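Student: Structure of the sequence below:
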Amino acid sequence: MVDVKLYSLIKVYECGSFVAAANQLSITQPAVSQQIKALEQELNVKIFERNSGKLIVTKAGEKVIRCAQRMIGLQNMLEQELSDDREMIDHLTVGVTHTAESNPIAEALAKYCSENNGISIKIVTMPINNLYKMLMSYELDFAIVEDRIRDSSIKFLPLDTDYLVLAVSPNHPFAKKNMITLNELKKERLILRLPNSGTRNLFVAHLESNNMNINDFNVILELDNVSTIKDLIRRDFGVSILPKSACLDELKKKKISVLPIENLSMMREINIAYPSDFTQTEILHGIVQAYNDTLKIYK
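Tutor: Numbers count the residues shown, from 1 in each chain. Presented below is the predicted three-dimensional model:
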């Protein structure tokens, strides 16, 4: 159904090269070039330009690529739905952030699948901006995200309220405190998420509201893997700013202690984001229930 030229277009965009795209598509480079040229002629636009040997996407090209991604995503969704109808199975692709991957959501999704025969879920972990792009191109059925964006094509179902906290080893002197100050935190070795993470951005925003900068703190390590951060905290390599939801298992087992920071009320929503034309909303409500049931284990 989808024009083969659109698959070549997306592959060139992903590879940043006609040659690399041709290799992955198992066709010749001239064939790929001809397909892109034909697409440009059909649409009367220039999709790619070259600058210092690099392939650059034009503004018009960005629109074409976004539309192509949606068309391919819709076809994939249709094929999956027709296959599911034949096999009496629902295959869902769910996007989660690196933070959500470490909180009870994965356990809740597993619980939902175990209680509902014929449901199969694939979890994709991406930064939040990538998840929204994949939602809009129909590469995901829904996503678990922190906070919301303003876009009429996306709807939201509240899942939970979360708080950023200071996470420390149970052996750390802070573990005996009820709260610490920002000046106390400045003296600590900080292990933080990467700058493109929602957790990091929320922390930085609250620092700035207190006329402080992240450069005022002793950041010794930055990484995206929340499980690794928690492991380093447990071994007293430093302290971190993490969502409380990502530490529930460690809190229950007393492997990590958490506490608030004075003047930083770092609260945020956790939502299920889904395309406005997603029709299986009963599944979403079922997942909310499974999530709430899962939380009871940690209380």
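Student: Can you give me the end-to-end span of stretch 126-146?
Tutor: 13 Å (C-alpha to C-alpha, to the nearest Å).
Student: How far does that stretch sit from its chain's centre?
Tutor: 7 Å (C-alpha atoms, centre = their mean, to the nearest Å).
Student: Repeat that for stretch 139-149.
Tutor: 8 Å.
Student: Could you work out the end-to-end span of it for me?
Tutor: End-to-end distance of stretch 139-149 (C-alpha to C-alpha): 18 Å.
Student: outside of it, which residues touch it?
Tutor: The contact list for stretch 139-149, computed with C-beta atoms under 8 Å, 6 or more residues apart in numbering, reads 69, 73, 76-77, 92-97, 99-100, 105, 124, 128, 131-132, 134-135, 156, 159, 162, 198-199, 202, 243, 268-275, 278, 280, 284. Placement of C-beta: from N, CA and C, glycine included.
Student: Buried ones in that stretch, by neighbour count?
Tutor: Going by neighbour count (16 or more other C-beta atoms under 10 Å), the buried part of stretch 139-149 is 139-146.
Student: Now, those residues that are in strands?
Tutor: 142-146 (DSSP state E).
Student: Save the buried residues of stretch 139-149 as JSON lines, and put in distance to residue 185 and pLDDT too.
Tutor: Formatted as JSON lines, the buried residues of stretch 139-149 follow (distance: C-beta to C-beta, whole Å; pLDDT from 0 to 100):
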{"residue": "139", "distance to residue 185": "39", "pLDDT": "88"}
{"residue": "140", "distance to residue 185": "36", "pLDDT": "92"}
{"residue": "141", "distance to residue 185": "40", "pLDDT": "92"}
{"residue": "142", "distance to residue 185": "36", "pLDDT": "94"}
{"residue": "143", "distance to residue 185": "32", "pLDDT": "95"}
{"residue": "144", "distance to residue 185": "29", "pLDDT": "94"}
{"residue": "145", "distance to residue 185": "27", "pLDDT": "91"}
{"residue": "146", "distance to residue 185": "22", "pLDDT": "85"}
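Student: Switch those residues over to TSV; also include distance to residue 117.
Tutor: Formatted as TSV, these follow (distance: C-beta to C-beta, whole Å):
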residue	distance to residue 117
139	26
140	23
141	18
142	20
143	24
144	23
145	28
146	31
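Student: Just name the closest of those to residue 49, please.
Tutor: residue 139 (26.5 Å; C-beta to C-beta).
Student: That's all I had, so thanks and see you.
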